[in-house]
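Chemist: Any chance you can model this:
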Amino acid sequence: MTNNEAQALWQGQSTEKITMTPQDIRNRIERLARKARRQSYGGYTVCLLVVISCFWWLTLFDDRLQQIGSLLTIAGIAFMAWQIRSNLRGQSWAGGSAASLGKTSAVDFHRRQLTRQRDFHRGRRFWLRMLLFVPGPVLFLIGFAEAHPEVARTIRIVAVVFALELIAAVPLNLRLASRYQRQLDEIDRFERDK
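Modeler: Numbers count the residues shown, from 1 in each chain. Purely as a prediction, here's the structure:
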């Protein structure tokens, strides 16, 4: 099959209206809530492990740069945990107030939940998380390399891996935000076609 034939086949398909039943919408809301809770609890676990390791580093070394880096990392992680909590709490509050009181339709409720999740993974909230988290580990690694020049090469490798993880976090979060945006677009199409 040539590209032109594939294009003609694809364009020739019928464009039936997208329909969502109330049960479909409830299922989507429940799936989104489960996914958000699972991601939040995973985020809490990572935050806790990082904080524990930073406290351990604080007690283990006397180097000021390492200690400052550890404290800044704890502060950045605390902010990240607060954002995760706010995001999860926003879901709980929205579920407990608006939907149960009938002040909003299920579609509007789902749209708000998707918007909240999308915004968590892009824009100001995401970049603020990154900005507050990055300085701590960087200072810690610099301090570690200065205090222990015998392992400076290994620290450089760790720094490169850290930088690659930060770089990977950007498209990963933007991809998640894009996925939520596609779901929002699907809801908009659904409402237009009603």
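Chemist: residue nearest the centroid of the protein?
Modeler: The centre of the chain sits closest to residue 121, judged by CA atoms, centre = their mean, with a distance of 4.5 Å.
Chemist: any idea how far that one lies from residue 175?
Modeler: Noted for residue 121: a distance of 8 Å to residue 175, by CB to CB, to the nearest Å. For the C-beta atoms, the positions are set from N, CA and C on the backbone; glycine is no exception.
Chemist: can you pull the contacts of the residue nearest to the centre of the chain?
Modeler: Residues near residue 121 by CB atoms under 8 Å, 6 or more residues apart in numbering: 173-174, 176-177, 180.
Chemist: now the residues you listed as JSON lines including distance to residue 109?
Modeler: Converted to JSON lines, the contacts of residue 121 look like this (distance: CB to CB, whole Å):
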{"residue": "173", "distance to residue 109": "24"}
{"residue": "174", "distance to residue 109": "25"}
{"residue": "176", "distance to residue 109": "20"}
{"residue": "177", "distance to residue 109": "20"}
{"residue": "180", "distance to residue 109": "15"}
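Chemist: Turn the buried ones among those residues into a named PyMOL selection, would you?
Modeler: Of the contacts of residue 121, the buried ones go into a single PyMOL selection, burial set by 16 or more other CB atoms under 10 Å:
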select buried, resi 173+176+177+180
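Chemist: where does the protein have low pLDDT?
Modeler: Under the criterion pLDDT under 70, the flagged ranges of the chain are 1-20, 91-104, 194.
Chemist: ranges for the helices of this protein?
Modeler: Listed in chain order, the helices of the chain (DSSP state H) span 3-11, 22-60, 64-94, 100-101, 106-120, 123-133, 135-147, 152-193.
Chemist: Name the residues of the third one that are buried.
Modeler: So the one you mean is helix 64-94. 65-74, 76-77, 79-81, 83-84, 87-88, 90-91, 94.
Chemist: gap between that helix and the chain center?
Modeler: Distance, stretch centre to chain centre, for helix 64-94: 13 Å (CA atoms, centre = their mean, to the nearest Å).
Chemist: Who are the packing partners of that helix?
Modeler: The criterion is 3 or more CB pairs under 8 Å, 6 or more residues apart in numbering; DSSP states H and E, and the helices and strands that helix 64-94 contacts are helix 22-60, helix 106-120, helix 123-133, helix 135-147.
Chemist: Among these, single out whichever gets nearest to residue 159.
Modeler: helix 135-147 (5.1 Å; CB to CB).
Chemist: if I pick residue 54, what's in contact with it?
Modeler: Residue 54 sits next to 70-71, 73-74, 77, 136 when contact means CB under 8 Å, 6+ apart.
Chemist: Equivalent analysis for residue 170, please.
Modeler: Shown in contact with residue 170 (CB under 8 Å, 6+ apart): residue 130.
Chemist: likewise residue 126?
Modeler: 120, 173, 177.
Chemist: from those residues, which single one is nearest residue 106?
Modeler: Among these, residue 120 lies closest to residue 106 (CB to CB), at 21.3 Å.
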